[in-house]
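In: build me a structure from this.
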Amino acid sequence: MSSKWTRRQFVKTTGTAAGALVLGGAFAEFLAACASSSPTTSGSGSLEIFSWWTAGGEADGLAEMFKIYQQKYPGVKIVNAAVAGGAGSNAKAVLATRMQGGKPPDSFQVHAGQELISTWVKADKMEPITSIWNSEGWDSVIPKDLKTIVSKGSDVWSVPVNVHRGNALWVNLAKAGSSITPGAGNNLDAFLSALGKAKSAGIQAPLALGSKGNWQVTMLLENNIVAVGGADFYRGLFNGKSSWTDNNVKSALTYIKSMLNYVNSDHTTIDWDQAAGRVQAGTSVGTIMGDWAKGYFTANNWKPDTDFTGIASPGTEKTYMIVCDTFGLPKGAPDRDNAINWIKVCGSEAGQAAFNPKKGSIPARTDVPASIFDSIAQKFIAEFKTDSLTPSIAHGSAAPEAFASGVNDEMGQFVQKKDVNASASNIAKLADQYLK
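Out: Residues are numbered from 1 along each chain as shown. The predicted model follows:
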């Protein structure tokens, strides 16, 4: 019998973990009230922040947190060391070179879960932020389960700034018509049928895909495994209760193979944001992507539930694929005091209220008013509280980086060769190598 996985069960098993339009002037007033309680100090030196937030709403969200930091510490020069490439496909390689070479940034974006714990914490490259967490009183406003995600032993190692949903289908409502509709996301067969109708109606690539870096196809894989096998089966792949040789994995790959009949032919040369742009332009009807896509749409003046909508990706209703961004304190940070102050901004009410509506995510803090978020975000906030939680492979929560990287490479081969049996076999071998 299938059981719903609570937040507590989710983090215990995996060790890991939507908003955009501001509603009137209430948002600005809210931020002003938050900021007024914190005195401004000048500060000095610089603050280098490393991330991969360069597109649409994600860049806007980061800029909002920079504004708050600059107001509090006007004497500090902020260096935005962002490296383009969705999911950090390029940034992680650059960061690894710097960290291993003893030249860390002051703070860097890292996904909660194994991406943090099994790499930089394990390698003794991070300072714990337990004392910061305690002094800021975050236990009272950040759920214990999220704290667990970023903890190892008795220490906390980074602060969550948001919670993203990885399993989401975004639809251009003007182009949906009678083909792709929100209801078509309920199961994979109905979704494929809808794509077929859209293509017959003259839309050559109804499903927009940007697979540069391959992680976007890994997202399709993880979502489809949930769709065909259920949340319990998917989670079991990481605790030994399910097998990677199960037919559910082949079935998930088969559905991706079918989806590829309806995507743009240049998908390997573009990233997720360009795919989202195809949806907004109307050359595609929808795209499957995390809720950072909503941040992209709203940054480009699209209105939620008017111009577009977002729902759980096909077959994954009642589940929530967790992606959580965090910031920590590297050992040897050049401007350590400035880095500590940055971490405080990331975990603050004002910081998360400014960042998440732009980014497209929901806040990690429980005291940020839902009223400042759009209708899709409010729906996602409610669903997060009740849905069964699943950890993302593509975004560092479910498994070590080496496994995720291997799966990404395999999915890059899959979109070219479309060999279900070969890819299923190769993924099972990666699981034997990295998950046991």
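
In: CA atoms for contacts and neighbours, from now on please.
Out: Will do.

In: and for residue 229, nearest residue in space, chain neighbours not counted?
Out: residue 248 (5.7 Å; Cα to Cα, 6 or more residues apart in numbering).

In: what does whichever strand or helix holds residue 256 contact?
Out: Using DSSP states H and E, residue 256 sits in helix 247-259. Contacts to helix 247-259, defined as Cα atoms under 8 Å, 6 or more residues apart in numbering, come from residues 188, 192, 207, 220-221, 224-225, 227-229, 415, 418, 420-421, 424.

In: mind redoing it with 6 Å?
Out: Contacts with helix 247-259, where a contact means Cα atoms under 6 Å, 6 or more residues apart in numbering, come from 224, 225, 229, 420, 424.

In: can you list those residues in TSV and add secondary structure?
Out: Listed next are the contacts of helix 247-259 as TSV, based on DSSP: H, G, I helix; E, B strand; the rest coil:
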residue	secondary structure
224	helix
225	helix
229	helix
420	helix
424	helix
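
In: from those residues, which two are the most distant?
Out: Farthest apart among the contacts of helix 247-259 by Cα to Cα are 229 and 420. That separation is 16.6 Å.

In: tell me which residues of the helix holding residue 256 are tucked away?
Out: Across helix 247-259, burial judged by 16 or more other Cα atoms under 10 Å covers 248, 249, 250, 251, 252, 253, 254, 255, 256, 257, 259.

In: and the fourth one, how far is that from residue 224?
Out: Relative to residue 224, residue 251 is positioned 8 Å away (Cα to Cα, to the nearest Å).

In: do the third one as well
Out: Here residue 250 is placed at a distance of 10 Å from residue 224 (Cα to Cα).

In: looking at the contacts of helix 247-259, which is nearest residue 380?
Out: residue 224 (19.7 Å).

In: any idea how many residues pack against the closest one?
Out: Neighbour count for residue 224, taken as other Cα atoms under 10 Å: 28.

In: what's it in contact with, if anything?
Out: Taking Cα under 6 Å, 6+ apart as the test, what residue 224 contacts is residue 252.

In: over to the residue nearest the centre of the chain: give its phi and psi.
Out: For the chain, the residue nearest the mean C-alpha position is residue 323 (3.9 Å; Cα atoms, centre = their mean). In terms of degrees, to the nearest 10, the main-chain angles of residue 323 are phi -130, psi 120.

In: from now on call the first residue 8
Out: From this message on, residue numbering opens at 8, which makes the last subject residue 330.

In: please name the nearest non-neighbouring residue to it.
Out: Per Cα to Cα, 6+ apart, closest to residue 330 is residue 171, 4.8 Å.

In: next, count neighbours for residue 389.
Out: Considering only other Cα under 10 Å, residue 389 is surrounded by 11 other residues.

In: look up how far residue 277 lies from it.
Out: Residue 389 sits 33 Å away from residue 277, going by Cα to Cα.

In: if we can go back for a sec, local confidence estimate at the residue nearest to residue 236?
Out: Listed pLDDT for residue 255 reads 98.

In: what residues are up against residue 193?
Out: Residue 193 neighbours (Cα under 6 Å, 6+ apart): 321, 322.

In: ok, it to residue 352 distance?
Out: 39 Å.

In: so the residue nearest to residue 330: helix, strand or coil?
Out: strand.

In: all strands of the stretch 58-207 of the chain, in order?
Out: Assigned by DSSP state E, counting those that start in this stretch, the strands in the stretch 58-207 of the chain fall at 84-87, 114-118, 133-134, 158-159, 162-163, 165-167, 171-172, 175-179.

In: would you format those strands as a markdown table with mean pLDDT and mean neighbour count included?
Out: Shown next, in a markdown table, are those (pLDDT from 0 to 100; neighbours: other Cα atoms under 10 Å):
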| stretch | mean pLDDT | mean neighbour count |
| --- | --- | --- |
| strand 84-87 | 98 | 16 |
| strand 114-118 | 96 | 24 |
| strand 133-134 | 98 | 20 |
| strand 158-159 | 92 | 20 |
| strand 162-163 | 96 | 18 |
| strand 165-167 | 97 | 31 |
| strand 171-172 | 96 | 26 |
| strand 175-179 | 96 | 26 |
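
In: before we move on, back to that, just name the closest of the buried residues of helix 254-266 to residue 176, please.
Out: residue 266 (13.3 Å).

In: beyond the helix or strand of the chain with the lowest mean pLDDT, next helix or strand please.
Out: Every helix and strand of the chain was ranked by mean pLDDT, DSSP states H and E. The lowest is helix 33-43, at a mean of 46. Counting by DSSP H and E, the next helix or strand C-terminal to helix 33-43 is strand 53-57.

In: what mean pLDDT does that next one have?
Out: On average, strand 53-57 scores 98.

In: ok, and what's touching it?
Out: Outside strand 53-57, the residues that reach it (Cα under 6 Å, 6+ apart) are 83, 84, 85, 86, 87, 88, 89, 112, 113, 114, 115.

In: let's have these in JSON lines, adding distance to residue 395.
Out: What follows is the contacts of strand 53-57, written out as JSON lines (distance: Cα to Cα, whole Å):
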{"residue": "83", "distance to residue 395": "43"}
{"residue": "84", "distance to residue 395": "43"}
{"residue": "85", "distance to residue 395": "39"}
{"residue": "86", "distance to residue 395": "39"}
{"residue": "87", "distance to residue 395": "36"}
{"residue": "88", "distance to residue 395": "36"}
{"residue": "89", "distance to residue 395": "33"}
{"residue": "112", "distance to residue 395": "36"}
{"residue": "113", "distance to residue 395": "36"}
{"residue": "114", "distance to residue 395": "32"}
{"residue": "115", "distance to residue 395": "29"}
